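In: Predicted model follows, preceded by the sequence.
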Amino acid sequence: MNLTRSHRCFAAPACVLGVFVAAPAAAHEPLPACPQEISYIEKLPSAESVLDLLRDLYTEIGCDTRFTAYPGRRSVLMFNAGKIDGQFARLPIIEADYRRAFLRSALPVNEARAILWQRPDAKVQEKKPLGYTIGVRWQDAYVTHEDAARGFYAAFEKMQAYENGVIDRFIETDQNVALLVAAGVLKRRPDPVTVIKDFQAFHFVGAEFSDFMERFDAAHAVSRKQHPERTLSKSRAGPENR
């Protein structure tokens, strides 16, 4: 195994730091073993927006891999059971749910800001539930203190409920809101009320794909320098810059 730098290897539930000694690459180094199937959260615009980036990087590495949308919680169970080989565009908070050894990409594949939004220019009905997306780990964690919260299985469904007046408030990333406004799902941009947190999303694979992850990280680093707009969300919404 020829690795060009030290690499972080995690074993769930504990995190183990593994450092591998670099060795000169062979002139005709064989292609790494490739993941067969990678998941991303279904109907999540931010994940879908960088899916082409993922496909291009895999093609560059020489991998013909399936990319499949699954519900957030289900995909974690599938990864733990070895039914899929990794997950794309997940937050580090998901690591606590992994029950197998895994690798995290060296660089984030996406960045966004988590925000509490509400209906603009209208009296917010406080008795209406707060909308969130089930299976998106940070949203599941946020609503634990909410007396009235309503979960939806996709961001798209949550936005439809908002448009139909079922909810007046919801939590979502700035990137997803911008994408849904551009797609016409949201007729008008809601008002940002509170910035919950800024976060970075990464690519995760099973620890057995260390050779692959080294090549992915190298290709991704080059892509970030050449096409940074394809990797990171540049929007930064918040109450201070509505």
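Out: Arrived safely. Owing to the predicted nature of the structure, the values given are computational and were not obtained by experimental measurement.
In: Tell me the buried residues in stretch 178-185?
Out: Residues Ala178, Leu179, Leu180, Val185 are the ones in stretch 178-185 that count as buried (16 or more other CB atoms under 10 Å). (C-beta placed from N, C-alpha, C; glycine too.)
In: go on, stretch 79-90?
Out: Phe79, Ile84, Asp85, Gly86, Gln87, Phe88, Ala89, Arg90.
In: could I have it exported to CSV, CA atoms only?
Out: Taking Å, rounded to 0.1, in the frame of the first residue of the first chain, the C-alpha atoms of stretch 79-90 are listed here in CSV:
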residue,chain,number,x,y,z
PHE,A,79,-23.2,1.3,6.0
ASN,A,80,-22.9,-0.3,9.4
ALA,A,81,-24.1,-3.6,7.9
GLY,A,82,-21.7,-3.5,5.0
LYS,A,83,-24.5,-3.2,2.4
ILE,A,84,-23.0,0.0,1.1
ASP,A,85,-19.3,1.1,1.1
GLY,A,86,-19.6,4.7,2.1
GLN,A,87,-21.6,7.9,2.4
PHE,A,88,-21.2,11.3,0.7
ALA,A,89,-21.8,14.8,2.1
ARG,A,90,-22.3,13.8,5.7
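In: pLDDT on the helix or strand hosting Asp140, on average?
Out: If you go by DSSP states H and E, Asp140 is part of helix 137-142. Averaged across helix 137-142, the pLDDT comes to 88.
In: who's in contact with the residue minimising distance to the centre of the chain?
Out: Central residue of the chain (CA atoms, centre = their mean): Ala89, 2.6 Å from the mean position. Going by CB atoms under 8 Å, 6 or more residues apart in numbering, Ala89 touches Tyr40, Ile41, Leu44, Ser46, Ala47, Val50, Val109, Asn110, Ala201, Phe202, His203.
In: what does the model give the fourth one for pLDDT?
Out: Each residue has a pLDDT score; the one for Ser46 is 79.
In: and it, helix, strand or coil?
Out: For Ser46, the assignment made with DSSP: H, G, I helix; E, B strand; the rest coil gives helix.
In: Please name the nearest non-neighbouring residue to it.
Out: Once flanking residues are discounted, Ser46 sits nearest to Gln175: 4.7 Å by CB to CB, 6 or more residues apart in numbering.
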